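Q: Have a look at this prediction, sequence included:
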Amino acid sequence: MVNLGAFVKKLQNIMRSDAGINGDAQRIEQMVWILFLKVYDVKEDEWELLYPHYQSIIPVRLRWKNWAKDNKDGKALTGQALLDFVNNELFPRLKTLPVSVHTEQKQIIVRDVFTDSNNYMKDGILLRQVINEIDALEIAEYKDRHAFNEIYESILKSLQSAGNAGEFYTPRAVTDFMVQMVDPKLGETIGDLACGTGGFLTSSLNQLWDQVNTVPDRDQYVRSVYGMELKPLPYLLCITNLLLHNIDSPLIFHGDSLDRDIRSFSEDEKFDIILMNPPYGGAVTPGAKTNFPVEYQSSETVDLFMALAIYRLKRNGRAAIITPDGFLFGTDGAKTAIKKRLLEEFNLHTIIRLPGSVFSPYTSITTNILFFDNAKKTDQVWYYRVDMPEGFKHFSKTKPMELKHFEGAISWWKEREDIQDEETQTFKARAFTVKDLEALGYNLDQCGYPSAEEEILSPEETIRQFHEKRDALNAKIDKQLAEIERLLGLKA
């Protein structure tokens, strides 16, 4: 069996010689649309065996087996002829495939995938080399639901040097921990409204697979997950990833989850479980704010996604969402309104504090996992701080966070008791009542790290973090001044 990490590097090395590709992000996009067509061809062979009347949405000449395969007979397209075919026939046709309300989702995704995909390569001989390498990959060897993850790990790690393209990657250890804690059951619907490459969805599918024993179970399994992603590259990665997990008609949509009035969702559009790592620090599209009640309107995407989760979680549903520290201590109107609702109408039962370098090298901003459900009002909020493992100064590309680093949190989860760090005299785990947090002005920034990790923030992150902390401090000062003025009779 081929080493998939080496396979990805080999493809990237071939494309580095092509003048049309600029940087890792374009190399990865080029690699992934080709891989998608290869995977889709394998799936179509399966569907033709399972469903005798199956007809491909892809025209015969454009199917992978009819143009990409090199039979070593000198007839395979290469050089300028291959470039002309890809640029002038393949892409234009796939981008405009006819679909209707009767077209199956597994066919619609072909057009959706190619709507925003591009062929960047200008050297047809190098393109032929890439296609041959991908075609030689025996997909059948990777039928096990876990095995093919290695290629995605390799691709996603490569995104670390691809600038902003890396913002949608959540370490597998984090997704697996969150899924394990919300404990999805077969028959429940699982949604990720900023799904990136599908990490939460595939982690959920891996857990659900062990519950599949019958044909009806299988039917429930394939309808379990739903995702939406705005950016074309992670969307394409997610679709391909789910196809490889035997989800033949992935309910993954290319679009903006914030681009709809959140008060308009029906019960059928809500989820039993929501898992998300929403984008933060990103710009909100014009008009998106108006899709939210006035008290939740914000310029920060994380605030809007938190409000969206509140509106799309079913009664008795469960959620686990990653947020930056700024959401915890922020005291602007939207953040306070959302946190107030989480405490008064939902059960915000646990906040797991994560070390700052978990998402390195994308960002060193410290993040947290908020676990809540829609079963009752909050009685108390438990905090648990995940400290750096012994021997680690910080996590990195070569020393990433692993699921074993959550073992303390997993053990504590069942018992729920206060833990005080004897050395620093700070609480590693502690419960706060709703009244405690109300008295703190809904500042959920509790049980934090006693000393900052060694970190270097980008100028943009430094400025944003400064503004967040300054706004929180100003709000605290304003509240204290108002109280003093009231006591002095200067203010009613």
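A: Yep, that arrived. Residues are numbered from 1 along each chain as shown.

Q: name the helices or strands packed onto the lengthiest strand in the chain?
A: Assignment by DSSP state E gives strand 313-324 as the longest strand of the chain. Counting contacts by 3 or more CB pairs under 8 Å, 6 or more residues apart in numbering; DSSP states H and E, strand 313-324 packs against helix 172-182, strand 271-276, helix 301-312, strand 367-373. Every C-beta, even on glycine, is put in place using the N, C-alpha and C of the backbone.

Q: And for R263, the neighbour number?
A: 9 (other CB atoms under 10 Å).

Q: got it, and W209?
A: There are 16 residues near W209, going by other CB under 10 Å.

Q: how many degrees apart are the helix or strand harbouring S204 and strand 313-324 in direction?
A: S204 belongs to helix 199-209 when assigned by DSSP states H and E. Inter-element angle recorded for helix 199-209 and strand 313-324: 130 degrees (by axes from the mean of the first three to the mean of the last three CA atoms, to 10 degrees).

Q: what's next to helix 199-209, contact-wise?
A: 145-146, 149, 169-170, 172, 175-176, 178-180, 183-186, 190, 192, 195, 221, 224-225, 227, 238, 241-242, 245, 247, 252, 273, 275-277 (CB atoms under 8 Å, 6 or more residues apart in numbering).

Q: Show me what counts as buried in the very next helix or strand once past that helix.
A: Heading C-terminal from helix 199-209, the first helix or strand you meet, by DSSP H and E, is helix 215-222. Neighbour counts using 16 or more other CB atoms under 10 Å place 220-222 of helix 215-222 among the buried residues.

Q: Let me see the contact set for L50.
A: Per CB under 8 Å, 6+ apart, neighbours of L50: none.

Q: Assumed D73 was part of a strand.
A: No - going by DSSP: H, G, I helix; E, B strand; the rest coil, the assignment for D73 is coil, not a strand.

Q: How is this structure partitioned into domains?
A: 4-142, 149-454 (automatic domain parsing).

Q: closest one to L487 among the ones you listed?
A: Of all the domains of the chain, domain 149-454 sits nearest to L487, with 16.9 Å by CB to CB.

Q: thinking again about what came up before, now list the buried members of the contacts of helix 199-209.
A: Among the contacts of helix 199-209, the ones that count as buried by 16+ other CB under 10 Å are 149, 169-170, 172, 175-176, 178-180, 184, 186, 190, 192, 195, 221, 224-225, 227, 238, 241-242, 245, 247, 252, 273, 275-277.

Q: Distance from stretch 193-203 to the middle of the chain?
A: In terms of CA atoms, centre = their mean, to the nearest Å, the centre of stretch 193-203 is found 4 Å from the chain centre.

Q: all numbers from here: first residue = 237
A: Sure, I'll start counting at 237 from here, so that last one is stretch 429-439.

Q: With only the CA atoms kept, save it in PDB.
A: This file holds the C-alpha atoms of stretch 429-439, laid out as PDB (Å, rounded to 0.1, in the frame of the first residue of the first chain):
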ATOM      1  CA  LEU A 429     -22.800  25.200   9.400                       C
ATOM      2  CA  ALA A 430     -19.200  26.100   8.700                       C
ATOM      3  CA  CYS A 431     -18.000  22.600   7.900                       C
ATOM      4  CA  GLY A 432     -14.600  23.300   6.200                       C
ATOM      5  CA  THR A 433     -13.200  20.000   5.000                       C
ATOM      6  CA  GLY A 434     -15.700  18.000   7.100                       C
ATOM      7  CA  GLY A 435     -13.600  17.000  10.100                       C
ATOM      8  CA  PHE A 436     -16.500  17.100  12.600                       C
ATOM      9  CA  LEU A 437     -18.800  15.200  10.100                       C
ATOM     10  CA  THR A 438     -16.300  12.400   9.400                       C
ATOM     11  CA  SER A 439     -15.400  12.100  13.100                       C
END
